[in-house]
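Undergrad: need coordinates for the below:
(2 chains)
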Amino acid sequence: MVRYNPNEIEPRWQSYWDEHNSFATPSLTDSAQDVAKRYVLDMFPYPSGDGLHVGHPEGYTATDIVSRFARARGELVLHPMGFDAFGLPAEEHAIRTGEHPRVQTQRNIDNFTRQLKMLGFSYDWDRVLATTDEDYFRWTQWIFLVLYDTWFDTEMQKGRPIAELPIPAEVTAEGDRAVELYRDSRRLAYQDDALVNWCAKLGTVLANEEVVDGKSEVGGHPVKRIPLRQWMLRITDYAERLLEGLEELDWPTGIKKLQYDWIGRSTGAEVDFYLQSGNRAGDDATGPFVAWKRDRATTGFPGETQEDFLRVYTTRPDTLFGATYMVVSPEHPLIDRLVTPEQKAEVNAYREKASFKSDRERTDGDRAKTGVFTGSHAINPADGRSIPIWVADYVLAGYGTGAIMAVPAHDIRDFEFAVAFDLPVIPVVNPPADHEQRDDILAGKACYVAEGEAINSGEFNGQTTAEVKSALTARLSEEGLAREAVNFKLRDWLFSRQRFWGEPFPILHEIDADGNPTGIKRAVPDDQLPVTLPDLEDFKPHGRPEPPLAKADDDWLIVELDGKRYRRETNTMPQWAGSCWYYLRYIDPKNAQQLIDPELEKVWMPVDLYVGGAEHAVLHLLYSRFWHKVLYDRGYVTCPEPFRKLVNQGMILGEVEFTGYTDEAGKPVSTKNVRRDADGNRVTKDGKPVTTVKISEDDVEKKGEGFVLKSDPSIKIDSRAFKMSKTRGNVVNPDGVVRDYGADSLRLYEMFMGPLEATKPWVMTGVGGVRGFLDRVWRLIVDDKADELQLSDAVVDEPCDEEQLRVLHQTIRKVTEDTEGMSFNTAIAKMMEFSNHFTRCETRPREAMEQFLVLLHPYAPHIAEELWRLLGHQESISKEAWPQWDEAALVESSIEIPVQINGKLKAKINVAPDASQDQMIEAAMGDEQVQNAIGDKQVFKKIAVPGRMVNLVVK
RNA sequence: GCUGCUGUAGCUCAGGGGUAGAGCGCCUCCUUGGUAAGGAUGAGGUCAUGGGUUCAAAUCCCAUCAGCAGCUCCA
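TA: Alright, predicted model coming up:
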């Protein structure tokens, strides 16, 4: 008796594929031009010490199916894998144990590789790469130097070589050093004193997006804001291009929207408010203000801001008449000019406090508005009214101009602030007559943010919001007081980290004879790349915001070049760097001369399918697109966007858990009587603490919407699946699943769980279910009663009967269409139906079995290979062509259709599939059951949909 | 608060204006000297709720409820 034994079959076929190099990427350049290429890419993993979890193989199985399917259809496939191997965990391990991060990283990569091979993925393993490989990060550094060598020409909307940057005459006049500094101020990679998130515990600064709730995303340590000299990448220059590029992409709309929102383009106007000297609110504002205004009318709107006015950005210039005060951020450059002596102490105290506030404190709680009056006033250019200027931390220094005109009647934040500090509220937009709060709004007691008709707005009264917007902006522009403006939420990318385990920056800082920096930088020459990491004795951060690389010996740190001495840059790049461009290197992974051979780039790019988790929806994909556009502008790649189609696989949760609660006496408490108190602890309605207890599935039953305790149906039970985590102890390990069920079962189950994009809980009995399916497939072909592996007697060299042929071709069509549409779960369901049908057949024509195995092989490659071999084939099934379905075979000679009376099903009749409407109605009227249903009523209308149904309307 | 997604059999999910489906689980029966056994039958659904459009709504539209995920002072 030979049973299906994946533990024996699977390693054997994996070795076979290895030995025969079955999935080597075909060379595109010598292939016929008319053959389609398909570049199928997974987001490469960070090789953690925990190994793969079952979430990884979800996306990997999907891409593997697509790749094997494409090959079977004659396409040329590139399907590579690699490792995003720089990162904090390896460095933290090194700090703890003293073991070099490279050692641990390699060990983890080896383990990941073993696990990936165990699952039978058809990667081209000759192209594997890790971002930590020196001949990989050599090119990461090289791309950084391209960024360093590029400036963005706003006119042309294009990155250009820094040598082509026009230098103003006055700069040239100041000499070479000034020219160099001017260039530095325009490079895409530049240094700046940034307020950074310094995490003392991790010993590094973090990007904003790595800080969650004021704590580090990794480890949850406290984060403080300090100023530090950092490398920045000018991604904001590409904001418009990054937006435009999204349109053409075949990405989920949700992800596109996230990127749109992240970039956050808004249009509005910049408006200048004349500053009154001192605190003479409203008295003689007219004189100097009128003079200033007259001046502006001739000189126009200045490009740079000056001391005598405060510039704001607003998306609602139409509400200018409603601006009753102004607010500057605590970090606003004009603040010292604005604060009057009387207010100085209070403002300074407020600014001090704000600077120490962590992001957590700033955003925590109910966000009650805080702020302090500066003592100064400005004049509203719309009507010449004098309004006070406040400082408050709800205005952000980094957005717009760092100052706002506050219109409390029509902005919620301004309204809250005005209420808190008793500032006037003047409505200037009339809400629609049927608006619930209309009276309150008009009385200045409520806030209205939508559009409407202008009121209290002088000559603009009665116009719509859109009309006022353009008319008022136009008038102010003419007067030189405003201009149309576009703003982005996107910020420049903080690109340096104070860590050891990352790519060193290929930058040298010139030092003088005493070892002090002169302020001049230069790039490490191409032929001296890569800049490798120095050998260090230990990897501990020193608790100061100075990178570990600064501890390196002088023979690494100090470089002499062309007679000058330099000190190496000691920051390292963030983990994003290596993942920004790996998809390019897979195409030409061993090229020592260049990043990528342009010929190969041209044929393989863009990536046709990119699959990964939605957690990378914004950052990785935005950063990658940014680098790609720079490389595009500089002529190193030929397509403007790297990833044509993107699919996010959903998260796999742990098994569903049932949770109940007990009170202090141990008595069960129904879920509906449990609340969370202010601290997030679970308590009863009257505030007594409850204990959370896990409940077995056997002890609960379904009742209505939810679950209740079997022993006491009045007790409601929570049921939900949680994210897999070590602390919860619900992590499913692929090694165990493969051992117990086989890799094919794991692959099949991951795909059968539900749509790829959906979040879904793991159900171990479901794995048993698909294993049962594979067992049946095995018995379909193998004689499981025989002592030796041999074909079942039922497999015969005869043609299919009509029904078998129809089932076969239905299956071919469904599996083909669903695989193409990445609807893998439904394709599998159809294959299950196929095997159920043929299990019931006494004879199973060989032809049907063979075609079925070809359909199955992208999903369960090992068993398909094994059975294919048993059917007498010497060549791997992966070389077999995908079957075609025959439309003629799908047609049934007679079909059953429903007959409805007034839309309710009353009978079924058999008709030819191509029966006309008249024929169908005739057949329906001739049916006995139909006649009975009609009885003595009159038929008003007869509706027949060919091939579908008949409906009779009677009265 | 905002945005997005989801409510179909006990579970996990297909379907989608015109016959309510699959796998697992469950009931009953049969086969089996080789047992993580196999086969055959069957039960089980107010398609979340309420309106609307239609000859016909689980499907389309509106509202409501519930769950999940992400974002959040961007003027």
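Undergrad: C-alpha from now on. contacts and neighbour counts both.
TA: Fine.
Undergrad: per-domain residue ranges of chain A.
TA: A:266-487, A:657-720, A:734-888, A:892-954 (automatic domain parsing).
Undergrad: where do the helices of the stretch 601-750 of chain A begin and end?
TA: With DSSP state H, counting those that start in this stretch as the criterion, the stretch 601-750 of chain A has helices at A:619-633, A:734-741, A:743-752.
Undergrad: any idea which of those is most buried?
TA: By mean neighbour count, with neighbours taken as mean count of other CA atoms under 10 Å, helix A:743-752 ranks first of the helices of the stretch 601-750 of chain A at a mean of 25.
Undergrad: check which element follows it along the chain.
TA: strand A:760-761 (DSSP states H and E).
Undergrad: other SSEs contacting that next one?
TA: strand A:652-653 (3 or more CA pairs under 8 Å, 6 or more residues apart in numbering; DSSP states H and E).
Undergrad: what about the strand it packs on and RNA strand B, any contact?
TA: No. For a cut-off given as CA under 7 Å from any atom of the strand, strand A:652-653 has no contacts with RNA strand B; the smallest distance is 8.7 Å.
Undergrad: if we ignore the residues flanking it in sequence, what's nearest residue A:271?
TA: residue A:482 (4.3 Å; CA to CA, 6 or more residues apart in numbering).
Undergrad: any idea of the pLDDT on the one you found?
TA: Residue A:482 is assigned 91 on the pLDDT scale.
Undergrad: can I assume it is in contact with residue A:269?
TA: Yes. Counting by CA atoms under 8 Å, residue A:269 is a contact partner of residue A:482 at 6.6 Å.
Undergrad: what about the residue nearest to residue A:271, how many neighbours?
TA: Here the number of neighbours of residue A:482 (other CA atoms under 10 Å) works out to 26.
Undergrad: before we move on, what about residue A:904?
TA: Neighbours around residue A:904, by other CA under 10 Å: 11.
Undergrad: state the distance from it to RNA strand B.
TA: Relative to RNA strand B, residue A:904 is positioned 7 Å away (CA to the nearest atom of the strand, to the nearest Å).
Undergrad: now do residue A:525
TA: For residue A:525 relative to RNA strand B (CA to the nearest atom of the strand), the value is 38 Å.
Undergrad: again, but for residue A:782
TA: For residue A:782 relative to RNA strand B (CA to the nearest atom of the strand), the value is 12 Å.
Undergrad: pick out the residue in the stretch 551-700 of chain A sitting closest to RNA strand B.
TA: Here the stretch 551-700 of chain A gets closest to RNA strand B at one residue, residue A:656, 6.5 Å apart by CA to the nearest atom of the strand.
Undergrad: bridged to residue A:761, which residues?
TA: Bridge pairing for residue A:761 (DSSP bridges) gives the partners residue A:653.
Undergrad: could you look up the SS state of residue A:198?
TA: strand (DSSP: H, G, I helix; E, B strand; the rest coil).
Undergrad: what helix or strand does the nearest residue to it once chain neighbours are set aside sit in?
TA: In space, and not counting its chain neighbours, residue A:198 is closest to residue A:205: 4.2 Å by CA to CA, 6+ apart. In the assignment (DSSP H and E), residue A:205 maps to strand A:204-206.
Undergrad: so residue A:574 sits in a helix?
TA: No. Assigned with three-state DSSP, residue A:574 falls outside any helix and is coil.
Undergrad: list the contacts for it?
TA: A:495, A:496, A:497, A:502, A:503 (CA atoms under 8 Å, 6 or more residues apart in numbering).
Undergrad: hang on, the earlier thing: where among the domains of chain A is average confidence lowest?
TA: domain A:657-720 (a mean of 73).
Undergrad: now the strands for the stretch 351-500 of chain A?
TA: Taking DSSP state E, counting those that start in this stretch as the criterion, the stretch 351-500 of chain A carries its strands at A:372-379, A:386-391, A:403-406, A:429-430, A:453-454, A:482-487, A:493-494.
Undergrad: buried deepest among these, which one?
TA: strand A:403-406 (a mean of 27).
Undergrad: which residues touch that strand?
TA: A:310-314, A:320, A:323-329, A:332, A:395-397, A:414.
Undergrad: buried subset of the residues you listed?
TA: Buried residues within these, counting neighbours by 16 or more other CA atoms under 10 Å: A:310-314, A:320, A:323-329, A:332, A:395-397, A:414.
Undergrad: looking at those residues, which are in helices?
TA: Among these, the ones falling in helices (DSSP state H) are residue A:414.
Undergrad: contacting residues for the closest residue to RNA strand B within chain A?
TA: RNA strand B sits closest to residue A:314 of chain A, with a gap of 2.9 Å, by CA to the nearest atom of the strand. Counting by CA under 8 Å, 6+ apart, residue A:314 touches A:268, A:269, A:270, A:271, A:404, A:405.
Undergrad: can you tell me the element the residue nearest to residue A:862 when sequence neighbours are not counted falls in?
TA: Using CA to CA, 6+ apart and skipping the chain neighbours, the partner closest in space to residue A:862 is residue A:10 (5.5 Å). For residue A:10, the element it lies in under DSSP H and E is helix A:6-19.
Undergrad: send the alpha carbons of the following helix or strand past that helix over as PDB?
TA: Per DSSP H and E, the first helix or strand lying C-terminal to helix A:6-19 is strand A:37-42. C-alpha atoms of strand A:37-42 as PDB (Å, rounded to 0.1, in the frame of the first residue of the first chain):
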ATOM      1  CA  LYS A  37       8.500  38.500 -20.300                       C
ATOM      2  CA  ARG A  38       7.100  38.600 -16.800                       C
ATOM      3  CA  TYR A  39       9.000  39.900 -13.800                       C
ATOM      4  CA  VAL A  40       7.400  38.500 -10.700                       C
ATOM      5  CA  LEU A  41       8.700  40.000  -7.500                       C
ATOM      6  CA  ASP A  42       8.200  39.400  -3.800                       C
END
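Undergrad: can you list the low-confidence ranges for the stretch 1-150 of chain A?
TA: Under the criterion pLDDT under 70, the flagged ranges of the stretch 1-150 of chain A are A:1, A:29-33.
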